[in-house]
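# sharing a sequence plus its predicted fold:
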Amino acid sequence: MKKTKKNILAVLLALAACAAHAEDLGKAQLLVAKPELQGLYSRTTLLVAPLKDQHVGFILNRATELTLGKLFPDHAPSAKVVDPIYFGGPEMLGAIFAVVRKDPGEAAVPLFEDIFVTASAQAVDRIIEQTPNAARYFVGFVGWRPGELAKEIEAGYWYVTDADAALVFNRDTGAMWEDLVKRLGPAHELRKDLREIRFEETLR
């Protein structure tokens, strides 16, 4: 009887974890690549947000050597942007995306809280001209088909945590991945497992 009870509890805990993942993916999250993940997304931190039944994201810690001033030398306002352009992902590498702290109006998509993204040329130009250093500029983005991101998380590719505006606009991204892995890695997983064990004990 005890063994059966434990099996039922294990199933309930597993279902609760799956439900939490499904609920989490209905809002913006930070994805932190697990150390074992290789390839394009090795050692990356991404902001990801739902878009209809799909997900879009931007790599936050891949600064390029390009600035907007170098990319658009004939556009004087671009020279005022201090930070480099970031590699946001492999999709639409010909487009510039501006992530900003308030709704820029034209063709903007809300990500979370008061954070918006736009790829409209007119909106990006206006941001550069009016508040050049109040945005984070990306080339490209990451896209997931319906259900694809959930499968990646279940496969263990990513640590998942709440979206954080301070990290999105953090100018010092060099140690971002390492810091987040320390915060979310094995020690965090162990604490989570202990909490689940205590929860299971209360149901006995």
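Structure received.
# could you use CA atoms for every contact and neighbour count after this?
OK.
# what's the separation between Leu180 and Ala63?
Leu180 is 17 Å from Ala63, where distance means Cα to Cα, to the nearest Å.
# okay, the two: which has more neighbours?
Ala63 (20 against 17; other Cα atoms under 10 Å).
# list the contacts of the more buried one.
Counting by Cα atoms under 8 Å, 6 or more residues apart in numbering, Ala63 makes contact with 84-87, 173.
# any buried residues in stretch 150-166, and which?
For stretch 150-166, burial by neighbour count (16 or more other Cα atoms under 10 Å) applies to 150, 157-160, 163.
# in a markdown table, list those residues along with distance to Gly26 and pLDDT.
As requested, the buried residues of stretch 150-166 are exported to a markdown table (distance: Cα to Cα, whole Å; pLDDT from 0 to 100):
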| residue | distance to Gly26 | pLDDT |
| --- | --- | --- |
| Ala150 | 11 | 94 |
| Tyr157 | 19 | 96 |
| Trp158 | 16 | 96 |
| Tyr159 | 16 | 95 |
| Val160 | 13 | 95 |
| Ala163 | 12 | 95 |
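# and those, which two are furthest apart?
Within these, Tyr157 and Ala163 form the most distant pair, 17.6 Å apart (Cα to Cα).
# burial of Phe108, as a residue count?
Careful, residue 108 is Ala; it's not Phe. The number of residues packed near Ala108 is 19, by other Cα under 10 Å.
# before we move on, back to that, just the contacts of Ala63: which are in helices?
Secondary structure assignment (DSSP state H) places none of the contacts of Ala63 within helices.
# can you redo the residues you listed as JSON lines with pLDDT?
Formatted as JSON lines, these follow (pLDDT from 0 to 100):
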{"residue": "Pro84", "pLDDT": "97"}
{"residue": "Ile85", "pLDDT": "98"}
{"residue": "Tyr86", "pLDDT": "98"}
{"residue": "Phe87", "pLDDT": "98"}
{"residue": "Thr173", "pLDDT": "95"}
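# got a quick PyMOL command for the buried subset of those?
Entered in PyMOL, the line below selects the buried ones among the contacts of Ala63, by 16+ other Cα under 10 Å:
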select buried, resi 84+85+86+87+173
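# which one of the contacts of Ala63 is nearest Phe141?
Using Cα to Cα, Phe87 comes nearest to Phe141 of the contacts of Ala63, at 7.8 Å.
# hang on, Leu167 is in a helix, isn't it?
Yes. Counting by DSSP: H, G, I helix; E, B strand; the rest coil, Leu167 is part of a helix.
# residue closest to the middle of this protein?
By Cα atoms, centre = their mean, the chain has its centre lying nearest to Leu47, at 1.6 Å.
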